[in-house]
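1. Quick one: sequence and predicted model below, then my questions.
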Amino acid sequence: MLGNAARTISSTRPACRRGCLCAALVLATAWTPAQALDQNPTELSLDELANAQVTTAARKAQPLSKTSAAVYVISRETIRDSGATSIPELLRRVPGVQVQQLDASKWAVSIRGFNSRLNNKLLVLIDGRPVYDHTLSGVYWEAVALPLDEIERIEVIRGPGGALWGANAVNGVINIITRPATDTLGGLVRAGVGRVEKGFATARHGMALGENAFGRIYLRARNRDESERVSGGEADDDWEQQAGGFHLDWQLSADDTLSLQGDSYDLKADQSSLRIQLDPPARIPSHDATHFYGQNLLGRWVHRDRGAGEWTVQVFQDSTHHSELVYGVDSDTFDLDAQHRLALSPGQELTWGLGYRRIQSAISGPNLTTVRGDEPFDVTSLFVSDQLSFWDDALQLTLGVKWEDHELVGETVQPNIRVNRAVNEDWSLWAAWGKAVRTPARSELDVALLALSLPSGRPSPALLGFYITGNPGLEPERMKASELGLRWLASDKLSIDLALFQNRYEDLVVSTLGPQFVDPAQGILRQDFFPTNTGEATAQGLELALHWLPLDWWSLSLNYARISLRADLPTASQEASQEASLEGGTPREQAWLQNSFQLAEDWELALILRHRDGLSSSTRSLPSRTDLELNLGWQAAEQLHLGLSGRNLSDNDEPDVLGGQIRIERSLYLTARYEF
């Protein structure tokens, strides 16, 4: 809703790029150390990875090999060695996840299509706390300021998660899980400097607060240079970010644990925008600054009792503030969630929970009006998940459902059926069927925003104003998903994870152009774009993750995704344009290949190739894109690690998104990590 000169590239440049990419991989692959090393490039074996514990897929800890969902885990070791400076960069490696860089600070992230800066079909959590913006529907990734050194793992669930996590978990759930305080004792300083990434630093200190209490604090700062416009000149999108936080863990008794954690952040980013007004001139180019700041506080109590099962109670308060030229949003969220897990018999385990959430938000702007103002609304929920095991756990059947009562849009029910069949210790099959919903954002229900003004072509009224107007009768979008998957640990050197899916979407929100009418209050001719539930779509595809250890010092990871997205929207020209953008804006194929090498006892090298298919709409197109990344690490001392990272080394500076005005430039940066 809401070098300054252009580079001249000769006709031989594309071929040269491709040659350089191939040469880099061939040389790295052909290199053989004088002596094979005993250690693997990865800290975890493939068997350990296959049986790593995940919690998001079932709201309880279970081995990855026994989950009945398309799950990908980004481990702490992978995060540490990735050279990434942001979470969206890490998510590029996950099959089925689309990540596009919009400018120096903004990202678009989605799962299985529908990508945009504010993707409304993806639920993002930090330790189970949603960071989804209910006012505008989506996630502002630039405001996710958590340092990567704080993260234990990132669990990515591709497919509907509404039966456990509720509305907006339509195409997937991303849960960012932080490290327990017991694992971060001592100090850490991590800093970097380079081109584009001008500077970034994290400092953390963990300590014992008693025999059974531990805690840590952290500070983080980032500063990124402005981008270059496609048309030439600087884009004025440089930005800076500061953040800080704490994490406390107590072992209250043998059966009880208590955690308390909080974060605070502040981000300022420059940007260029248009000021729209009714009086001439109708559009005024302006230099604008986006400002995000906020705080959150979360507490969690866990009680384990062999007879009564496990109780978890979580409560959090989240306050966010966002302002820019067109609009500003102030939002406060209070959430209380209780969950109980109980073994009813040796082959049956029941998990159920209750939830209450109150959201109070105010949206304002120079050309914006709202009906509800800052009036709060409530969401209450109940979920039940029953897992049945047969044949010594070789077959697991899970039946689940979540009921939600949203004060603004009414009641929704999201059921789910999942089956996992372990054929033997090395491979398993799974299948799932479920429904999920996306609830309308407040901005889609009761906000009116002036988007454009033009001469009407009439003597009176002389102006024609186009408004984006909310629809209070809007209903939730609905999706039905069918999935099949296979996990195969072919040997201690090779693992394969394959997922197939088909999603059917109904009641998609489509922007519809209404008739012109005279607005007597403003004395203009007016025409409204308003949302309606008139769209349908179908998406189907496959996702593959392959891990191979050819030699003790060499590992290879290949992730591949293919998707076919077809939209069926009304035939009016405005809706037809949306249909073309929806279909062509999703890359049909994506691939990610990483070769990791243990060059010597203290040296490691990773070469990464990323490829995505071309994009197109009714008026624009963007060619396919292949990028080369490099991470070189040196363990200079027991406590000191130095790294060199390169991004976009193929020097393809085309925009990363349809209609993008920002070049994606080559970047190099040095990092140092010191632990004490």
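-> Ah, there it is.
2. make it CA atoms for all contacts and neighbour counts henceforth
-> Noted.
3. tell me the strands in the stretch 351-500 of the chain, going along the chain?
-> Secondary structure of the stretch 351-500 of the chain (DSSP state E, counting those that start in this stretch): strands at 368-370, 377-390, 395-406, 410-422, 427-438, 447-455, 463-469, 477-491, 494-513.
4. Redo those as JSON lines? Include distance to residue 673, mean neighbour count and mean pLDDT.
-> Output for these, formatted as JSON lines (distance: least, Cα to Cα, whole Å; neighbours: other Cα atoms under 10 Å; pLDDT from 0 to 100):
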{"stretch": "strand 368-370", "distance to residue 673": "47", "mean neighbour count": "18", "mean pLDDT": "88"}
{"stretch": "strand 377-390", "distance to residue 673": "43", "mean neighbour count": "19", "mean pLDDT": "97"}
{"stretch": "strand 395-406", "distance to residue 673": "44", "mean neighbour count": "20", "mean pLDDT": "97"}
{"stretch": "strand 410-422", "distance to residue 673": "42", "mean neighbour count": "20", "mean pLDDT": "97"}
{"stretch": "strand 427-438", "distance to residue 673": "39", "mean neighbour count": "23", "mean pLDDT": "97"}
{"stretch": "strand 447-455", "distance to residue 673": "47", "mean neighbour count": "20", "mean pLDDT": "88"}
{"stretch": "strand 463-469", "distance to residue 673": "48", "mean neighbour count": "22", "mean pLDDT": "90"}
{"stretch": "strand 477-491", "distance to residue 673": "34", "mean neighbour count": "20", "mean pLDDT": "96"}
{"stretch": "strand 494-513", "distance to residue 673": "32", "mean neighbour count": "20", "mean pLDDT": "95"}
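5. Is it possible to get the ones you listed out as a markdown table so that each row also shows distance to residue 590?
-> A markdown table is the format used below for the strands of the stretch 351-500 of the chain (distance: least, Cα to Cα, whole Å):
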| stretch | distance to residue 590 |
| --- | --- |
| strand 368-370 | 39 |
| strand 377-390 | 34 |
| strand 395-406 | 31 |
| strand 410-422 | 27 |
| strand 427-438 | 24 |
| strand 447-455 | 35 |
| strand 463-469 | 34 |
| strand 477-491 | 19 |
| strand 494-513 | 15 |
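6. now for those, which one comes closest to residue 113?
-> strand 494-513 (10.6 Å; Cα to Cα).
7. sorry, back to before: closest one to residue 80 among the strands of the stretch 351-500 of the chain?
-> Closest to residue 80 of these is strand 494-513 (Cα to Cα; 22.2 Å).
8. moving C-terminal of that closest one, what's the next helix or strand?
-> strand 517-519 (DSSP states H and E).
9. Next SSE downstream of that next one?
-> Immediately after strand 517-519, counting by DSSP H and E, sits strand 524-551.
10. The residue nearest to the spatial centre of the chain - nearest residue in space that isn't next to it in sequence?
-> Centroid-nearest residue in the chain: residue 109, 5.0 Å away (criterion: Cα atoms, centre = their mean). Sequence neighbours aside, residue 99 is the residue nearest to residue 109 in space, at 4.6 Å (criterion: Cα to Cα, 6 or more residues apart in numbering).
11. residues touching residue 584, list them.
-> By Cα atoms under 8 Å, 6 or more residues apart in numbering, the contact set of residue 584 is 615, 616, 617.
12. Restricted to strands, list those.
-> 615, 616 (DSSP state E).
13. and residue 333, which of the strands of the stretch 351-500 of the chain is closest to it?
-> strand 377-390 (9.9 Å).
14. where's residue 356 relative to residue 118, distance?
-> 24 Å (Cα to Cα, to the nearest Å).
15. which one of the two has more residues nearby?
-> Counting neighbours by other Cα atoms under 10 Å for residue 356 and for residue 118 shows that residue 118 has the greater number, 22 against 17.
16. Contact partners for the more buried one?
-> Taking Cα under 8 Å, 6+ apart, we find residue 118 in contact with 108, 136, 137, 138, 139, 140.
17. For this structure, which segments count as helices?
-> Taking DSSP state H as the test, the helices found in the chain are 13-30, 46-50, 76-81, 87-91, 162-165, 442-446, 573-584.
18. neighbouring contacts of the fifth one?
-> This means helix 162-165. 58-59, 168-170, 383-385, 400-402, 414-416, 434-437.
19. can you do 6 Å?
-> 169, 400, 401, 402, 414, 415, 416, 436 (Cα atoms under 6 Å, 6 or more residues apart in numbering).
20. tally of neighbours for the closest residue to residue 555 other than its chain neighbours?
-> Nearest in space to residue 555, with sequence neighbours left out and distances taken as Cα to Cα, 6+ apart, is residue 549 at 4.4 Å. Other residues near residue 549 number 22, with proximity taken as other Cα under 10 Å.
21. from now on call the first residue 34
-> Right, with 34 as the first residue, what we last looked at is residue 582.
22. Quick check: residue 582 touching residue 528?
-> No: look at residue 582 against residue 528 with Cα atoms under 6 Å: they stay out of range, at 9.4 Å.
23. Appreciated, that's everything.
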